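**Student:** Sequence first, then the predicted structure:
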Amino acid sequence: MNGGSALAADERLAAYDFGPGHPFQAGRLEAGLSLLRAAGVLEETDLLGFGPAADADLELVHDREYLEALARFSASGPAPTDPGEATRFGLVGDNRPFPGMDEAARLVAGATMAALDAVAAGDLAHVFAPVAGLHHAQRRRAVGFCLVNDVAVAIARCTRSWPLRVLYVDLDAHHGDGVQTAFYDDPRVCTVSLHETGRYLFPGSGEVHELGRPPGVGRSVNLPLEPRTGDDGFLAAFDAVVEPLAAAFRPDMLVTQNGCDGHVDDPLSDLTLSLRGYRALARRLHRLAHRHCQGRWVATGGGGYDLDRVVPRAWALLWSELSGRRLPARVPSAWLASRPEPASERPRSTGAPSASWMERRRRRRTAGTAERELEARNQRTVRAVRRLVLPPSLRVVYPLAGRGARAERLPGWEPRAGEYLAPGGPLVLRDRSPASVLRRLEVDPGIHAFVRDSAQEREVLARISEEPAGEVAVAHTPDGVVVGYVAVLDPEPGSRFASLPWCLEVGAVEVATGWRRGGVASALLRFAVEPDPFEDRILIASGLSWHWDLEQSGLSAVAYRRVLARVFETAGFEVLRTDEPEIAYDPANLFVARIGSRVPPARRAAFTSRLVRGRLPAP
């Protein structure tokens, strides 16, 4: 192999072919690899060897009965005659059987497994598996051109063989439903899918409220975007959610599905992305891998159905970024001459010159009413997702673009110090801790609800304290080890209470695992909200079950909700009913508020009026 990157594909994968007239054709393999070779960025030594996936690996995700049916229907002789069986296993229509499909699907899974194995073992930093990313296949059914869910199989095998946490990012125009389902209750795998909303596009799933099941609640993240979102909207959604989510989840490996079927010329979606946008996404993913995953990155090709122009170029741009190989200035003329002429009747074609890797930059135009409404819908989706899956402390460190100054600021007071005698020993309580002090303290490694690295946790606290309206109170040992903290912040712009300048949010109440059940959380929260200026403010907190280190508590979500309610009630907070989506989605969540004694009645009424805006869900 050449350097730290490899490509997991060879001519055997051309057998994954549903036949003439089907959108998913074997020609994608030849088109993509021939362009890489013609451009001089792929050598035979770059190819990673692999074999077909074994039953034991496939059964990590798929039922044996389904795998047996897949083998029967792939036989070269007469197909089974029971049409009901074919329908039951999804082997009809778009997933119609073809001879040898069982072996072809196993080879795709084998390529993806070999890619993850090589990266997990440290043999390679990056691997690209172009004919992979069949993300729709379910446990007992073929779905959406996908016979075996190679990505889910490879991730399941990887997390079983190594103690790794995997961040899966799916950029395909269609929701990555099969991978999400496979890990819906697994806290070691965080799945993120950016896709065209299922209101208009197959498979019809991927809404923001699909958040996972315990103990994996909050590990399934979906950004359903509007048709005609384009590069700017897609990249803005990625930046607002994926990077801070990676900082919170702290993955050991990045696995991506880089489907290019969201391109403006693709016949199966309407996201209207460009090749320039896909190059920008590849660069972001590469940075994320090195920033959060020690460089470990496996990319899969996913969907894409314009085989003449889009798929080969998208793969080339991705491989160039992943491998560090520089593409020539123009697409090689010999390769262009060998390809069929692209369809001239594409109504949405960007008109890129045939020898260009990417489309020409388009001149920006003033957005009309429809474009502004589309952008507003996407922004509402992004804000909802951020509130559902990112703790407020991380939302401050990774703010949305354009966060403006608040009209009112919390008045200053002199930093205070107090003491609390916990069962584990004496603690010093401090508020208004400046960033310079926080950066000199250590953080107990038992504080890991959001960030697993104590040095990064300390930086999060320091960044919060640098915000104009950010206040941090800490509990630390006499020798300077932080064992708990409370962060008070501005509500995020665009949220329901953000326009109330006298409303603040308790963004986190964290106590290290070795110091819990000793009253530290209650004592620290009471200390943090005691200062007189808080009597002019309303404090709110959203106690989301997966943000409060539920996995380490040993309690059920509902029982932990009762514990949180008691902690807040000791500091003067009251549990309130609201139809805020992130609260209403799960009965284990809670919303609390503390209305200061000097808050005028008009402000109380304005706050109360925002608690319920629609029909309140049944308790």
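**Tutor:** Sure, I can see it. Numbers count the residues shown, from 1 in each chain.
**Student:** which residue is nearest the middle of the chain?
**Tutor:** By Cα atoms, centre = their mean, the mean C-alpha position of the chain lies nearest to Val192, the distance being 2.9 Å.
**Student:** how far away is that residue from Val385?
**Tutor:** Here the criterion is Cβ to Cβ, to the nearest Å. By it, Val192 lies 9 Å from Val385. Just so you know, the C-beta spots here come from the backbone N, C-alpha and C atoms, and that holds for glycine as well.
**Student:** Next, show the common contact partners of those two.
**Tutor:** Overlap between the contact sets of Val192 and Val385, as judged by Cβ atoms under 8 Å, 6 or more residues apart in numbering, is given by Val221, Asn222, Leu223, Val241.
**Student:** from these, which is closest to His174?
**Tutor:** Of all these, His174 sits closest to Asn222, with 12.0 Å by Cβ to Cβ.
**Student:** And for the nearest residue to the closest one once chain neighbours are set aside, the neighbour number?
**Tutor:** Beyond its immediate neighbours in the sequence, the residue positioned closest to Asn222 (Cβ to Cβ, 6 or more residues apart in numbering) is Gly206, lying 4.5 Å away. For Gly206, the neighbour count with other Cβ atoms under 10 Å is 25.
**Student:** hang on, the earlier thing: tell me which two in the shared contacts of Val192 and Val385 are the farthest apart.
**Tutor:** With distances taken as Cβ to Cβ, the most widely separated pair in the shared contacts of Val192 and Val385 is Asn222 and Val241, at 9.8 Å.
**Student:** Between those two, which has more neighbouring residues?
**Tutor:** Neighbours were counted for Asn222 and for Val241 using other Cβ under 10 Å; Asn222 has more, 28 against 23.
**Student:** Can you give the distance of the one helix or strand that one maps to from its chain's centre?
**Tutor:** With the criterion set as DSSP states H and E, the secondary-structure element containing Asn222 is strand 220-225. Mean C-alpha position of strand 220-225 versus that of the full chain (Cα atoms, centre = their mean, to the nearest Å) differs by 8 Å.
**Student:** Show me which positions of the very next helix or strand once past that strand end up buried.
**Tutor:** Elements were assigned by DSSP H and E; along the chain past strand 220-225, the next helix or strand is helix 230-249. Taking 16 or more other Cβ atoms under 10 Å as the basis for neighbour counts, the residues of helix 230-249 that come out buried are 230-231, 233-238, 240-249.
**Student:** try stretch 290-306
**Tutor:** By neighbour count with 16+ other Cβ under 10 Å, stretch 290-306 contains the buried residues 292-293, 295-306.
**Student:** Over to stretch 180-194?
**Tutor:** Applying a neighbour-count criterion of 16+ other Cβ under 10 Å, one finds 180-184, 186-194 buried in stretch 180-194.
**Student:** repeat for stretch 107-120
**Tutor:** Across stretch 107-120, burial judged by 16+ other Cβ under 10 Å covers 107-120.
**Student:** contact partners of the one helix or strand Leu394 maps to?
**Tutor:** Element membership of Leu394 [criterion: DSSP H and E] is helix 392-397. The contact list for helix 392-397 (Cβ under 8 Å, 6+ apart) reads 244, 247-248, 386-387, 450-451, 460-461, 463-464, 467, 470, 487, 489-490, 492, 505-508.
**Student:** you'd agree Ala280 is in a strand?
**Tutor:** No. Following the definition DSSP: H, G, I helix; E, B strand; the rest coil, Ala280 is helix and is not counted among the residues of a strand.
**Student:** residues in contact with the closest residue to it other than its chain neighbours?
**Tutor:** On the basis of Cβ to Cβ, 6+ apart, the spatially nearest residue to Ala280 that is not a chain neighbour turns out to be Leu235, at 5.9 Å. Neighbour list for Leu235: Gly277, Ala280, Leu281, Arg284 [criterion: Cβ under 8 Å, 6+ apart].
**Student:** can you check Arg594 too?
**Tutor:** Contacts of Arg594 (Cβ under 8 Å, 6+ apart): Val529, Phe534, Ile538, Leu539, Ile540, Phe568, Ala571, Gly572, Phe573, Glu574.
**Student:** Rebuild these as TSV, extending it with distance to Arg610 and pLDDT.
**Tutor:** Supplementary listing: the contacts of Arg594 in TSV, determined by distance: Cβ to Cβ, whole Å; pLDDT from 0 to 100:
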residue	distance to Arg610	pLDDT
Val529	21	95
Phe534	20	94
Ile538	11	96
Leu539	15	96
Ile540	10	94
Phe568	19	95
Ala571	22	96
Gly572	20	96
Phe573	17	97
Glu574	16	96
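**Student:** which of the residues you listed are buried?
**Tutor:** Using 16+ other Cβ under 10 Å as the burial test, the contacts of Arg594 include Val529, Phe534, Ile538, Leu539, Ile540, Phe568, Ala571, Gly572, Phe573 as buried.
**Student:** contacting residues for the third one?
**Tutor:** In this case it means Ile538. Leu500, Trp502, Cys503, Leu504, Ala593, Arg594, Ile595, Gly596, Val599, Arg603, Arg604, Phe607.
**Student:** what helix or strand does Ala71 sit in?
**Tutor:** helix 64-73.
**Student:** I would like the residues contacting that helix, please.
**Tutor:** Residues outside helix 64-73 that contact it (Cβ under 8 Å, 6+ apart) are 55, 58-59, 79-80, 85-86, 89, 91, 97, 101-102, 105, 139-142, 147-148.
**Student:** Do a quick rundown of the strands in the stretch 401-550 of the chain.
**Tutor:** With DSSP state E, counting those that start in this stretch, the ranges of strands along the stretch 401-550 of the chain come out as 417-422, 425-430, 442-443, 471-476, 481-489, 503-511, 538-543.
**Student:** These into JSON lines, with extra columns for distance to Asp10?
**Tutor:** Listed next are the strands of the stretch 401-550 of the chain as JSON lines, based on distance: least, Cβ to Cβ, whole Å:
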{"stretch": "strand 417-422", "distance to Asp10": "61"}
{"stretch": "strand 425-430", "distance to Asp10": "61"}
{"stretch": "strand 442-443", "distance to Asp10": "48"}
{"stretch": "strand 471-476", "distance to Asp10": "55"}
{"stretch": "strand 481-489", "distance to Asp10": "52"}
{"stretch": "strand 503-511", "distance to Asp10": "50"}
{"stretch": "strand 538-543", "distance to Asp10": "50"}
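**Student:** Any idea which of those strands gets closest to Val563?
**Tutor:** Using Cβ to Cβ as the criterion, the shortest distance between Val563 and the strands of the stretch 401-550 of the chain is 9.7 Å, found for strand 538-543.
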